[in-house]
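Asker: sequence and computational prediction follow.
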Amino acid sequence: MNESFIHYGEGDGERDMAWRTMLCAVMAALLAGPGAARALAPPETVGLSSNDLAKVLETVRRRAIPLDSLYIERDGQPVLDLYVYPFGPGLRHDVASVSKSISAMTVGAIYADRPDFGMDQPILADRSMSLGDALSMRGGRACGDRPGEPELFEMMARPDWAAYVAALPARGRPGGDFAYCSPNYLLASAFVSRDAGLSLAAQADRLLFRPLGIEDWRWPADPQGRTRAWGDLDLRAGDLVKIGRLVLDGGAWQGRQVVPAAWMARAVTAQSVAPNGDGYGYGFWLNRAIPGLVEARGRGGQGIAAWPSARLLVVTTASDTDGGQTLPLLAGLRPAPAALPADPRGAARLARAVAALSSPPPTRAPGHGGARARALMGVDLALADPSWVRRLTLQQTGAEGSVRIDGPFFAFEAPLGFDGRPRLGAQGPEGGAVAGLARWVGPEHLTFEIRAYGIAQRVVFDVFFKADGVRVRAREASGLFAFETTAVPATP
């Protein structure tokens, strides 16, 4: 849709860049220090230009890049803490595969007092995979060599997920070549539950979250109660920053060693090598282009980038496509090796850029559909292809509206703003917040965008109310799904 959650945004056709490429650009640019927002430390005090940082944020706005939050600190000093409207500090966000990094840290904390315990510990009855194999993506199964991780969705369609993964045919040998297989982490989670007597999520709460003061989190489980260790953890962005600091400080938090330093050193050492040349430790990526850069990467633009030697931390959440578009922009910040002179004009420009992203956009008069569209408001529409969505129910009263989405994976209602300002609802998929923005392209064409923060998904729908029937088209931004089908009023 032309209209964006980030007001006045317009795309310029640039394609998404891989997270690895993003961080190469960011870290090369930020070696001397990062920037500021929300009246934190002035950028110039750490060698950055307020004017340059304002340009970055202006570009995010102009291109309608779907950033939700961006945080940067150096030497323990936070200098950027931005939330893009309508996302805010009180909301949780799915961190996607950053969950793998947190799972690995939890494993290290669990077994800190077990000197007899090694990463060669078998986690399957046939001893065909060790815990280290699973956490380093060397499981030796026919998994992870097809795009889109189809094994993950096949697993979730089975009654016993772990049994499905354990029964996957062998490919190579365990402990051999790298293959990015998220289901490996479910096997690790199942082992922890059996061996430690508590789920991985309960252990993470006890050993990581509580020591860090993290209270508002959600981590779903499989049908047998085993934590989805590969992903789906919801955290507040500020709490994700705490995890980032733990990585930056070698497992220490405010003087206390929460995760053993020796374990963290192993976790951020390459245990295998991905096809792109990046190393993979236990849940962490090691960027081949920047030695010492440690990354936790998640689908949709979720990420932690910690560079201990530079004392630099960058944390993002986004409703983005795979990879992301925001962090490469930071390469233009031109950091200086020492503090810069104060720049009042640059500071004012930066304040305006921050306000433009974090404040509600101006409203406009809402449009309305034609007679056919109005007649179908409030009517359950049954989709001919129910693979992702079974039914849609749309409502509009002036500037306010909603859409009810009923599908095989989620059923929820999202508010819709028809006046150019997205509306925020509290109960979207997986219990997370959800926001929606709608616009009438014409009397027979409604387009609307849903951001489901609890699953880190952004979906754009187009509904056509034609004389010969209703057509529905949808695309999830990361490419997870796309469809076009017909719809008819559902029978009672």
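Answerer: Thanks, I have the structure now.

Asker: contacting residues for the residue most central in space within the chain?
Answerer: Nearest residue to the geometric centre of the chain (CA atoms, centre = their mean): residue 302, 3.5 Å. Shown in contact with residue 302 (CB atoms under 8 Å, 6 or more residues apart in numbering): 93-98, 240, 316-318, 456. Where you see a C-beta, it was placed from the backbone N, CA and C, and this is true even at glycine.

Asker: go again using 10 Å as the cut-off
Answerer: With contacts defined as CB atoms under 10 Å, 6 or more residues apart in numbering, the neighbours of residue 302 are 19, 68-69, 93-99, 231, 233, 235, 237, 240, 296, 315-318, 320, 324, 456.

Asker: same check on residue 379?
Answerer: Contacts for residue 379 (CB under 10 Å, 6+ apart) come out as 392-395, 470, 487-490.

Asker: ok, now residue 402?
Answerer: Residue 402 makes contact with 378, 393-396, 413-416, 423, 425, 436, 438, according to CB under 10 Å, 6+ apart.

Asker: and if we set it to 8 Å?
Answerer: Listed by CB under 8 Å, 6+ apart, the contact set of residue 402 reads 394-395, 413-416, 436.

Asker: of those, just the buried ones, PyMOL syntax please.
Answerer: Filtering those down to the buried ones (16 or more other CB atoms under 10 Å) takes a single PyMOL command:
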select buried, resi 394+413+414+415+416+436
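
Asker: just put the contacts of residue 402 in TSV and tack on distance to residue 336 and pLDDT.
Answerer: TSV is the format used below for those (distance: CB to CB, whole Å; pLDDT from 0 to 100):
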residue	distance to residue 336	pLDDT
394	53	98
395	54	97
413	50	96
414	45	97
415	45	98
416	46	98
436	43	97
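
Asker: low-confidence ranges, the stretch 151-300 of the chain, go.
Answerer: Scanning the stretch 151-300 of the chain for pLDDT under 70 picks out no residues.

Asker: which parts of it are strands?
Answerer: 217-218, 234-236, 252-253, 256-257, 272-273, 279-280, 285-286, 294-298 (DSSP state E, counting those that start in this stretch).

Asker: dump the longest one to PDB, keeping only the CA atoms.
Answerer: So that's strand 294-298. Coordinates of the C-alpha atoms in strand 294-298 are reproduced here as PDB (Å, rounded to 0.1, in the frame of the first residue of the first chain):
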ATOM      1  CA  VAL A 294      29.100 -11.200  17.500                       C
ATOM      2  CA  GLU A 295      25.500 -11.200  16.100                       C
ATOM      3  CA  ALA A 296      22.200 -12.700  17.200                       C
ATOM      4  CA  ARG A 297      20.100 -12.600  14.000                       C
ATOM      5  CA  GLY A 298      16.300 -12.900  13.700                       C
END
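
Asker: next one: that strand to chain centre, how far?
Answerer: 11 Å (CA atoms, centre = their mean, to the nearest Å).

Asker: ok, that strand: who's next to it in the sheet?
Answerer: In its sheet, strand 294-298 lies beside strand 285-286 (antiparallel), strand 302-307 (antiparallel), with partners assigned from DSSP bridges.
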